[in-house]
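1. I need the structure of the sequence given here:
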Amino acid sequence: MAQYEMNLRDYWLIVRRRRTIIIVCTALVAISSFWFARQKVPQYTATAAVKFEQSTTLSGLLVEVLAVSGADNIETQVSLIKSYPVLEEVARRMGRLPQTASGEAVRESRAYQANLDNLGGKIKASRVPSTSIIEIAATSPNPREAKEIANTVAEAYRDYNKANRNARVTEARKFIEAQLREVEGRVKRAEEEVWAFRDANRIIAPGAESTVLLSLFTQVRGDIERTRQQRIELEGMHARLARNGVTGADERIYVDSTNPNLAKLAAAQSELMLERTNLALEVTGRHPRLQAIDDRLREVRAEMRREMSAQVAALRTREEILNRQMGELLAKNREVPATELSLQRLQRDAKVNDDLLTLLKTRHQEALIKESEGVEEVSLVRPAAEPTAPTGTEAVNTVLVGALLGLMLGLVLAFVQETLDTSIGTIEDVESYLGVRVLGIVPHIDPHETMQRLLERRPGLAQVEPDA
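-> Here you go, the predicted structure:
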């Protein structure tokens, strides 16, 4: 074939000549597209949206460990949404994994792994441009399942992010709770030891025994001093009475004693001495009546000496008893410090444990408050709704696209067939094939077509006989 430049008219002529193959290709591809569109299972897509905000509060800065990274944090969160920890939690919440299955068991089981891969294939996470919002799209043949997957993934991702950010506070709370249980046991044991020690040693109140002993010691010591003083006074009076009896002096002796017998004898002595003094003014010393009074005085004083001797002996006995009591108190007082020291040690241990328990309870409440006010960087801004129409199943669009592809395929096949056609169809083909120039063209005249054209131009010729 001769090589020449084709214009739009030539292309149009080729299309007209090969229109059959173009139409057939277009129709076949369009029909095939329609059939595939009808055979495709409808897929429903539900979309949930979450908002991610990097923590900038003081509590967030204290809880989380800040790291310098050049990566986009939003893109990192998009990748974390489809991570295995999040997918495992989603599968557990949806009942696709046992609640007791650990991470290692899930990773080792092929069935669990296939379940997670299937779940991950239904999820797509993308960032809304120029925002910190992440859209989570879930696709499933069941619209309710698509909604459940999207919402569960959003909630599991939010809880996973919150758990990671507040892990240190949670660990501190668990440690404090363990210490609380241990310290409560120690406090209970210490209190039981204190009460058992006080019951064994008959301690009414801490420090009361020392106070009682001090009071008794003071009282006994005072009694000893008073008894000794009374004894010394009585011994002095007894010695004076003895001297008066030897010398025969009429000296009056004052007796200060609580003994009623001695007081009565002292009163009798005073009366006799007064009577003798009055009588001595009237009679001489040898008067019988005066001598009788002197004899009576000697008898009274002898009785007083005997009474004083008995009272001195009683005071000495009492003094010995008080001294023995003093010794017993001193011996007991030496034992009291050791007992009180042991009690104080037990009480100190109990107080230390009680203070520690109070501190741990305070720290536990603070940890609970911090945990409740924990860092929450992810919030659900739009939950997924149940989709009402499937996506990607528009038959009209599919048929139109198929028809367009069929048309393009038909054009390609038409031009390929035209290129492979070796028949002579143009003047240039004749000149190239014969090697001579073409001077004219004898067209092909169809008699029937020519007659029709004449009849159309001159209708009267239709009535002329053919033989005429």
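2. C-alpha only now, for contacts and for neighbours.
-> OK.
3. where exactly do the helices run in the stretch 51-200 of the chain?
-> With DSSP state H, counting those that start in this stretch, the ranges of helices along the stretch 51-200 of the chain come out as 58-63, 73-81, 84-93, 103-108, 110-121, 143-165, 167-201.
4. Quick one: list the elements packing against the helix or strand harbouring Arg324.
-> In this structure, Arg324 sits in helix 288-372 according to DSSP states H and E. In terms of contacts (3 or more C-alpha pairs under 8 Å, 6 or more residues apart in numbering; DSSP states H and E), helix 288-372 is packed against helix 167-201, helix 208-247, helix 260-280.
5. Pick out the shakiest of the helices of the stretch 51-200 of the chain, pLDDT-wise.
-> Per-segment confidence across the helices of the stretch 51-200 of the chain bottoms out at helix 58-63, which has a mean of 44 in mean pLDDT.
6. rewinding a little: select, out of the helices of the stretch 51-200 of the chain, the one closest to Trp35.
-> Trp35 lies closest to helix 143-165 among the helices of the stretch 51-200 of the chain, at 23.8 Å (C-alpha to C-alpha).
7. Rebuild the helices of the stretch 51-200 of the chain as TSV, extending it with mean neighbour count.
-> Formatted as TSV, the entries for these read as follows, by neighbours: other C-alpha atoms under 10 Å:
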stretch	mean neighbour count
helix 58-63	13
helix 73-81	17
helix 84-93	20
helix 103-108	12
helix 110-121	15
helix 143-165	21
helix 167-201	15
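8. Pipe those into TSV and attach distance to Glu307 per row.
-> Formatted as TSV, the entries for the helices of the stretch 51-200 of the chain read as follows, by distance: least, C-alpha to C-alpha, whole Å:
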stretch	distance to Glu307
helix 58-63	94
helix 73-81	112
helix 84-93	107
helix 103-108	106
helix 110-121	114
helix 143-165	99
helix 167-201	47
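9. follow-up on the earlier one: including distance to Asn115, could the helices and strands packed on helix 288-372 go into JSON lines?
-> What follows is the helices and strands packed on helix 288-372, written out as JSON lines (distance: least, C-alpha to C-alpha, whole Å):
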{"stretch": "helix 167-201", "distance to Asn115": "28"}
{"stretch": "helix 208-247", "distance to Asn115": "75"}
{"stretch": "helix 260-280", "distance to Asn115": "114"}
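10. For Glu89, which of these is the nearest?
-> Distances from Glu89 to each of the helices and strands packed on helix 288-372 were compared using C-alpha to C-alpha; the minimum, 16.9 Å, belongs to helix 167-201.
11. who does the closest one touch, helix- and strand-wise?
-> The elements that helix 167-201 packs onto, with contact taken as 3+ C-alpha pairs under 8 Å, 6+ apart, are helix 288-372.
12. helix or strand right after the helix it packs on?
-> strand 378-382.
13. helix/strand/coil for Pro443?
-> With DSSP: H, G, I helix; E, B strand; the rest coil as the basis, Pro443 sits in coil.
14. So what's the residue count around it?
-> Here the number of neighbours of Pro443 (other C-alpha atoms under 10 Å) works out to 6.
15. Report the contact partners of it.
-> In this structure, Pro443 makes contact with no residue, judged by C-alpha atoms under 8 Å, 6 or more residues apart in numbering.
16. Tell me the pLDDT of it.
-> In this model, Pro443 carries a pLDDT of 71.
17. What separation is there between Thr152 and Val50?
-> Plainly put, Thr152 is 12 Å away from Val50 if you go by C-alpha to C-alpha, to the nearest Å.
18. And Gln230, by the same measure?
-> On the measure of C-alpha to C-alpha, Gln230 and Val50 end up 102 Å apart.
19. more crowded one of those two?
-> Just comparing Gln230 and Val50: by other C-alpha under 10 Å the higher neighbour count belongs to Val50, 21 against 18.
20. Nearest residue to Arg221 in space, ignoring adjacent ones along the chain?
-> Nearest-residue entry for Arg221: Met326, 7.3 Å, with adjacent residues in sequence omitted and distances by C-alpha to C-alpha, 6 or more residues apart in numbering.
21. count of neighbours near the one you found?
-> Using other C-alpha under 10 Å, Met326 has 19 neighbouring residues.
22. Next up, the contacts around it.
-> Taking C-alpha under 8 Å, 6+ apart as the contact definition, Met326 lies against 217, 220-221.
23. what's the neighbour count on the nearest residue to Ala138 once chain neighbours are set aside?
-> Once its chain neighbours are removed from consideration, Ala138 has its nearest residue in Ile123; the separation is 4.6 Å (C-alpha to C-alpha, 6+ apart). By the other C-alpha under 10 Å criterion, the neighbourhood of Ile123 contains 22 residues.
24. per-residue confidence at Ile123?
-> At Ile123 the predicted local distance difference test score is 90.
25. residues contacting it?
-> For Ile123, the contacting residues are 82, 136-139, 150, by C-alpha under 8 Å, 6+ apart.
26. Which two of the residues you listed have the greatest separation?
-> The widest separation within these, taken as C-alpha to C-alpha, falls between Lys82 and Thr139 and amounts to 14.1 Å.
27. quick one: Pro443 and Phe36, what's the gap?
-> 50 Å.
28. Oh, that last question was meant for Arg301, not what I typed.
-> When distances are taken as C-alpha to C-alpha, Arg301 and Phe36 turn out to be 152 Å apart.
29. which of the two has more neighbours?
-> Remark: of Arg301 and Phe36, Arg301 carries more neighbours, 22 against 15, as counted by other C-alpha under 10 Å.
30. Check what pLDDT that one gets.
-> Arg301 is assigned a predicted lDDT (pLDDT) of 74.
31. Pretty sure it sits against Leu241.
-> Yes: applying C-alpha atoms under 8 Å as the test, Arg301 and Leu241 come out as touching, 6.7 Å apart.
32. Next up, the contacts around Ile136.
-> Counting by C-alpha under 8 Å, 6+ apart, Ile136 makes contact with 47-50, 123-126, 150, 153-154.
33. Below-threshold pLDDT in the stretch 251-400 of the chain: ranges please.
-> Across the stretch 251-400 of the chain, residues meeting the criterion (pLDDT under 70) sit at 251-263, 284-285, 332-341, 343, 374-375, 392-395.
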